[in-house]
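[1] Got a predicted model here, sequence first, then my questions.
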Amino acid sequence: MMDFNASKSLSARLTALIDAGMQQARAAQPRRTYLGASRLGVACERALQYEVADAPVDPGREADGRLLRVFDRGHVIEDCMVGWLRAAGFDLRTRNDAGEQFGFSALDGRLQGHVDGVLVAGPDLGFGSGYPALWENKCLGAKSWRELEKHRLASARPVYAAQVALYQAYLELHAHPALFTAVNADT
């Protein structure tokens with residue numbers, strides 16, 4: 001008879017298989033030929049230089065399966081937030097007429113960004129809010145969530161603040177404050 005209570009080794013094997021599959025799928029994706037706007041706020045200029053030069057990642061330093069699962073979780077939570085905002089009365093657009101994400105390209109395509117969405121109408125949120133407005137969403141662990149709550153976006157997550165500012169500038173969505181939403185992944 002199988003002992004379903006002793007699942008640690010089964011769990012570890014299953015996780016390893018899932019992670020390997022995710023890493024294979026990631027490796028099969030074409031490499032970006034541009035620097036993403038979500039990266040420009042990174043404090044390490046050398047890391048950005050390596051990305052622009054398309055330097056290979058050191059062996060063993062590739063994104064592991066756990067990190068790829070975190071990225072996937074963020075995409076799922078983003079889809080949830082889209083539904084929640086629409087149910088709350090917001091007219092949120094996440095794709096253009098061609099079915100692609102809204103975005104921009106600058107510097108002959110060497111800098112690009114793709115936004116989570118644009119709010120074109122909805123409830124009055126006060127604080128000078130209005131429409132159209134950029135919408136950006138993140139899924140955070142409890143520690144990052146508390147930092148964001150306590151210190152606000154620009155101080156707690158300057159990379160995200162830079163991303164929002166770039167999107168607003170290049171998409172000319174700066175007349176109204178952006179709506180930055182975050183979900184605490186731990187609660």
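    Yes, it's here.
[2] got a list of what Thr187 touches?
    By C-beta atoms under 8 Å, 6 or more residues apart in numbering, Thr187 lies in contact with Ala142, Trp145. Heads up, the C-betas are built off the backbone N, CA and C, glycines and all.
[3] So for it, what's the pLDDT?
    Predicted confidence (pLDDT) for Thr187: 87.
[4] Identify each buried residue in the helix ranked longest in the chain, please.
    Secondary structure of the chain per DSSP state H: the longest helix is helix 65-87. Under the neighbour-count criterion of 16 or more other C-beta atoms under 10 Å, helix 65-87 has Gly65, Leu68, Gly74, Ile77, Glu78, Met81, Val82, Leu85 buried.
[5] Read off the pLDDT value for the second one.
    The reference is to Leu68. Leu68 is given a pLDDT of 90.
[6] again with the last one
    The confidence metric pLDDT takes the value 98 at Leu85.
[7] surely it meets Pro123?
    No: with contact defined as C-beta atoms under 8 Å, Leu85 does not reach Pro123; the gap is 10.1 Å.
[8] Who are the contact partners of the closest residue to Arg86 other than its chain neighbours?
    Once flanking residues are discounted, Arg86 sits nearest to Leu92: 5.7 Å by C-beta to C-beta, 6 or more residues apart in numbering. Each residue near Leu92 by C-beta under 8 Å, 6+ apart is listed here: Val82, Leu85, Arg86, Gly117, Val118, Leu119, Val120, Gly122, Trp135.
[9] Would it be right to say that the fifth one lies in a helix?
    No: going by DSSP: H, G, I helix; E, B strand; the rest coil, the assignment for Val118 is strand, not a helix.
[10] Pull the contacting residues for it.
    Val118 touches Leu92, Arg93, Phe102, Pro132, Ala133, Leu134, Trp135, Leu171, Leu173, counting by C-beta under 8 Å, 6+ apart.
[11] any idea how far Arg26 is from the third one?
    Using C-beta to C-beta, to the nearest Å, we find Phe102 at a distance of 24 Å from Arg26.
[12] which of those two has more neighbours?
    Phe102 (19 against 14; other C-beta atoms under 10 Å).
[13] If you count contacts, what does the longest helix of the chain end up packed against?
    helix 8-28, strand 91-93, strand 133-140, strand 179-184 (3 or more C-beta pairs under 8 Å, 6 or more residues apart in numbering; DSSP states H and E).
[14] In the longest one, which of the residues would be classed as buried?
    Of the residues in helix 8-28, Asp19, Met22, Gln23 count as buried by neighbour count, 16+ other C-beta under 10 Å.
[15] Look up how far Ala37 lies from the closest residue to Phe104 other than its chain neighbours.
    Nearest residue to Phe104, sequence neighbours excluded (C-beta to C-beta, 6+ apart): Tyr170, at 3.8 Å. Distance from Tyr170 to Ala37, counting by C-beta to C-beta: 8 Å.
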